[in-house]
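Novice: sequence? don't have it. structure:
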């Protein structure tokens, strides 16, 4: 196609089959989960088939984007498009977490105090509101996670990883590939260590009785930290992908938005963690 | 609109601008599946939305048929509940929103002089996520326990008690949200980064401005809706207690999160409609839009205010008087920028050289009826009044004046306005006018009487009613079937024009002054503005 060349200062891709493969994947994935959650025997299989197709699609689509980028098809203006789109994507993620933080604040400021109020005394005479709580219905007791143990270490790990990825970025800007690869690798290791600490913390929490089903405290604790952990996992995978690209010699000092986009994302999960540390673990 | 295909398929190839762009490009069905062309994708959005409009319309007719007489005649109460639920979900997410995304796809690149959307492949995905979402939504009717009769707002704790149909509905909302977010990122990026030289922000057509603001709203609130339904999902299956008071949660929390999405959603539907009307009224008044800058600021103000008024949907849920007062005053404040817009449209027509072709008729129908819907909104913003009218047919009448006479009329205006440009064919003006008048009369027949039903206390979402309400309900039902049949006339007008419409002129409407009319031939080549125009 005549528009496949960057003659008009903006690269317009040819027709592509990746999106519809992704749609089929998501239909399998979501349909499979709906089956799984309702105890249909085929549920897990359909779900994993969906995941497999989705991973395959992302491999193809991102592979294509990488080859286009390395092929010099992306002009400055395309680069600006990527910057805008990544910024708005991160904004949408911020709003997703805002919803869950909103649930936490609402529970702590309104729902739990009201359940202990005079209106509810007939229904729940023995409930004394406070935080943490598993609500007025009797639940197994649980221990909360001490903020100044593993969570504090995790804070240190993520903040450090924010520094190491910046050092890696400076390496890229100076075209010092060794600095780039080593410090990016360090960032990946810090991310993985963080995830390992989270796994240890979760197993401790469960052994101390704190579960997803432990009323509103367990709900907000695991959903917020769980979604954050998922985002760190995705961020770590993104870091690993660009690490391999760096090793293969991709990116130049003035054309490396994939690196910057991942770095922005990494800083975003870092900032979310700081909010988690303060409002979920500490206060 | 399939004429668009025919005009540019290489077999016909009569348009020199095509110059073999299709070599190696897929044909037939695969062309639509793999397309990265904003015009193709816009066309698919518009047809998808029209099909969903008919599906949601049949559900509305089921509701109206049941309500023709008091007592239970046609459907069971449970099925009636699923009809109100999926009518709402399909009309909001399947019909109106995709219709305006279709307009955005077709028009934004043309209006700002861009060669296409910023991310053509992601654009394709935004559309192709809709059919899987539609499949999930409709499949819930076939699952054990049937579809979820929870209302389109999907309030807890009712959602916790539904069968598997609730889960497919939740996942459908997730996919629709992904589609909206990707589409919006694409639109914002296109507007901010793809404008032709000289097309400054304050020179952009009003339609482009309205979509910039709408896309921002979508990116801000669709993730919140995704969060709300995710909480519903985990409450249903994983024992979380977000909306479970026994665990320390609160069903009212769901309402807060939902309406934090839901109120901006109202403007997500309305603001692009404002944009279409802001193009149509000046064109048929042969005057520039009055108060362009104030229009931009008013639209932005509406968007900002839309985030801080959500609890006016929840006055009766139990909230402190201070809270009710705040949300009441904040809600009434929205009348100010909305009033600015209405007066600007009226002032645009003042001393204009007016003609009344079908698009203008629909725009005027919009202006008149949307204003009525706005006024009833103002009535409902008053706490003491709303406490009486909460969940009555007055609310139903109010939001259908905004959604149907507002958004849908504006979408009709837009289709008639740009149809000649898109397809190169002219529709039958006389039939178009008949379509308008039928739609207008039947619309008011359905919904005007519902104001009285609501004031008299008839509750909504209930399949039976007190016999005193019978006459007005019968008028409403007859109106609904008339309205539904009138839309088949619309389909006929489109198909007739595609098949045998007279060729349209480059500038079919002599008052139209945006780039697609002034710079591009009719019919348009498959790719436009490959070299950007210079805007003075």
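Specialist: Yes, it's here. What you see is a predicted model; the values in this text were computed from it and never measured.
Novice: contacting residues for residue B:419?
Specialist: The contact partners of residue B:419, taken as C-beta atoms under 8 Å, 6 or more residues apart in numbering or on different chains, are B:1, B:425, B:427, B:494, B:497. Just so you know, the C-beta spots here come from the backbone N, C-alpha and C atoms, and that holds for glycine as well.
Novice: Pull the number of nearby residues for the third one.
Specialist: Look at residue B:427: counted by other C-beta atoms under 10 Å in any protein chain shown, it has 23 neighbours.
Novice: What are the contacting residues of stretch B:257-265?
Specialist: A:99, A:102-103, B:92, B:153-155, B:217, B:220-222, B:224-225, B:227-228, B:231, B:303, B:306-307, B:309-314.
Novice: buried subset of these?
Specialist: A:99, A:102-103, B:92, B:153-155, B:217, B:220-222, B:224-225, B:227-228, B:231, B:303, B:306, B:309-314 (16 or more other C-beta atoms under 10 Å in any protein chain shown).
Novice: which residue ends up closest to the midpoint of chain A in space?
Specialist: The centre of chain A sits closest to residue A:231, judged by C-alpha atoms, centre = their mean, with a distance of 1.0 Å.
Novice: Please confirm that that one is located within a helix.
Specialist: Yes - checked against DSSP: H, G, I helix; E, B strand; the rest coil, residue A:231 lies within a helix.
Novice: That one touches residue A:267, doesn't it?
Specialist: No - the criterion here is C-beta atoms under 8 Å, and residue A:231 misses it with residue A:267 at 12.0 Å.
Novice: ok, the closest residue to residue B:244 other than its chain neighbours - how many residues close by?
Specialist: Closest residue to residue B:244 apart from its sequence neighbours, by C-beta to C-beta, 6 or more residues apart in numbering or on different chains: residue B:235 at 6.3 Å. Residue B:235: 23 surrounding residues under other C-beta under 10 Å.
Novice: And the one 5 residues further on, by the same measure?
Specialist: For residue B:240, the count of nearby residues is 27 (other C-beta under 10 Å).
Novice: If you rank every helix and strand of chain B by mean pLDDT, what lands last?
Specialist: Within chain B, no helix or strand scores below helix B:3-8, which has a mean of 36 by mean pLDDT, DSSP states H and E.
Novice: Can you point out the helix or strand that includes the residue in the stretch 251-400 of chain B that chain A sits nearest to?
Specialist: Here the stretch 251-400 of chain B gets closest to chain A at one residue, residue B:253, 5.1 Å apart by C-beta to the nearest C-beta. Using DSSP states H and E, residue B:253 sits within helix B:251-285.
Novice: name the helices or strands packed onto the helix or strand that that helix is followed by?
Specialist: Downstream of helix B:251-285, the first helix or strand assigned by DSSP H and E is helix B:292-305. Secondary-structure packing of helix B:292-305 (3 or more C-beta pairs under 8 Å, 6 or more residues apart in numbering or on different chains; DSSP states H and E): helix B:206-237, helix B:251-285, helix B:335-349.
Novice: coming back round to it: now the residue of the stretch 251-400 of chain B closest to chain A: how far from residue A:247?
Specialist: 48 Å (C-beta to C-beta, to the nearest Å).
Novice: For those two, indicate the residue with more neighbours.
Specialist: Counted by other C-beta under 10 Å, residue B:253 and residue A:247 do not tie: residue B:253 has more neighbours, with 22 against 13.
Novice: I'd guessed that one sits against residue B:241; true?
Specialist: No - with contact defined as C-beta under 8 Å, residue B:253 does not reach residue B:241; the gap is 10.3 Å.
Novice: how about the worst-scoring helix or strand of chain A on mean pLDDT: buried residues?
Specialist: Sorting the helices and strands of chain A by mean pLDDT, DSSP H and E puts helix A:112-115 at the bottom, at a mean of 94. Neighbour-count burial for helix A:112-115 flags A:112, A:114-115 (criterion: 16+ other C-beta under 10 Å).
Novice: Tell me who's in contact with residue B:123.
Specialist: B:36, B:38, B:41, B:105, B:117, B:183, B:186.
Novice: so is residue B:371 in a helix, a strand, or just coil?
Specialist: Classified using three-state DSSP, residue B:371 is helix.
Novice: Which residue is the nearest non-sequential neighbour of it?
Specialist: Residue B:371 sits nearest to residue B:342 (C-beta to C-beta, 6+ apart), 5.7 Å away.
Novice: The one you found and residue B:309, how far apart?
Specialist: 19 Å.
Novice: repeat for residue A:213
Specialist: 35 Å.
Novice: How about residue B:268?
Specialist: Residue B:268 is 14 Å from residue B:309, by C-beta to C-beta.
Novice: Quick one: mean pLDDT for the helix holding residue B:253?
Specialist: In this model, helix B:251-285 has a mean pLDDT of 97.
Novice: angle of that helix against helix B:335-349?
Specialist: Helix B:251-285 and helix B:335-349 are oriented at 10 degrees to each other (axes from the mean of the first three to the mean of the last three C-alpha atoms, to 10 degrees).
Novice: From the chain's centre, how far out is helix B:251-285? Work that out for me.
Specialist: A distance of 8 Å separates the centroid of the chain from that of helix B:251-285, by C-alpha atoms, centre = their mean, to the nearest Å.
Novice: And for stretch A:110-124?
Specialist: The answer for stretch A:110-124 is 36 Å, by C-alpha atoms, centre = their mean.
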